[in-house]
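In: Quick one, structure for this:
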Amino acid sequence: PGCCLHGASCPMLLLARRASQRFRTAVVRHFASEIEKVSIAAYHLVAECTLDGVQEAVEDLADREPDAQIDVDYSADVLSLSVHSSAFVINKQTPNKQLWLSSPVRGPLRYDFCIRAAAWLNTRDQHNLLPALSADVKQLSGHSLGFGDVENALRDLVEQRAMC
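Out: Okay, here's the model as predicted:
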């Protein structure tokens, strides 16, 4: 299927695909250079801050909304979150300096920490981990999960230059 009578060989479609690929390549190169700037010590700092903060936010929601049937456990660099019978897992991937999310809504995803955004951004489309996790939990539980404290803590770490 194409955009006109030319079908898949439409010159405009081919040009758009090439431009799109160049754009994606430029974004990936820029994104990769941001990740390389995060030291391993800084990675551990922001990953722990994130996982601890997610655990606290989920525990707060579970206490406020017992009918949401939400439970969380965090140990050995793995955070497990259950909503009804659905399970999320967020774990550290130290060799790659990433957080990996397994979501029953979105599937498996990988996130790198971006210093400029002070956020964990998806390696494919650069969406932010925390709003995505919040949306997935809300879809399954009907309850909003706020990560403002975690986002503020991550910004504070970056501003304190803890990333260098």
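
In: so where's this structure shaky on pLDDT?
Out: Scanning the chain for pLDDT under 70 picks out 1-36, 162-164.

In: swap the cut-off to 50 and go again
Out: Applying pLDDT under 50 to the chain picks out residues 1-7, 13, 23-33, 35.

In: Residue 51 and residue 142, how far apart?
Out: Separation of residue 51 from residue 142 (CB to CB, to the nearest Å): 24 Å. From N, CA and C alone the C-beta is placed, and that goes for glycine too.

In: what about the two, which has more around it?
Out: Remark: of residue 51 and residue 142, residue 51 carries more neighbours, 19 against 11, as counted by other CB atoms under 10 Å.

In: Who are the contact partners of the more buried one?
Out: By CB atoms under 8 Å, 6 or more residues apart in numbering, the contact list for residue 51 reads 74, 77, 79, 90, 92, 99.

In: Geometrically speaking, which residue is the centre of the protein?
Out: residue 129 (2.2 Å; CA atoms, centre = their mean).

In: which element is residue 59 on?
Out: helix 40-64 (DSSP states H and E).

In: Same question for residue 100.
Out: Taking DSSP H and E as the definition, residue 100 sits inside strand 98-103.

In: And the helices in the chain?
Out: Using DSSP state H, the helices of the chain run over 11-36, 40-64, 129-141, 148-159.

In: Let me know the angle separating the second one from strand 98-103.
Out: So that's helix 40-64. Relative orientation of helix 40-64 versus strand 98-103 (axes from the mean of the first three to the mean of the last three CA atoms, to 10 degrees): 30 degrees.
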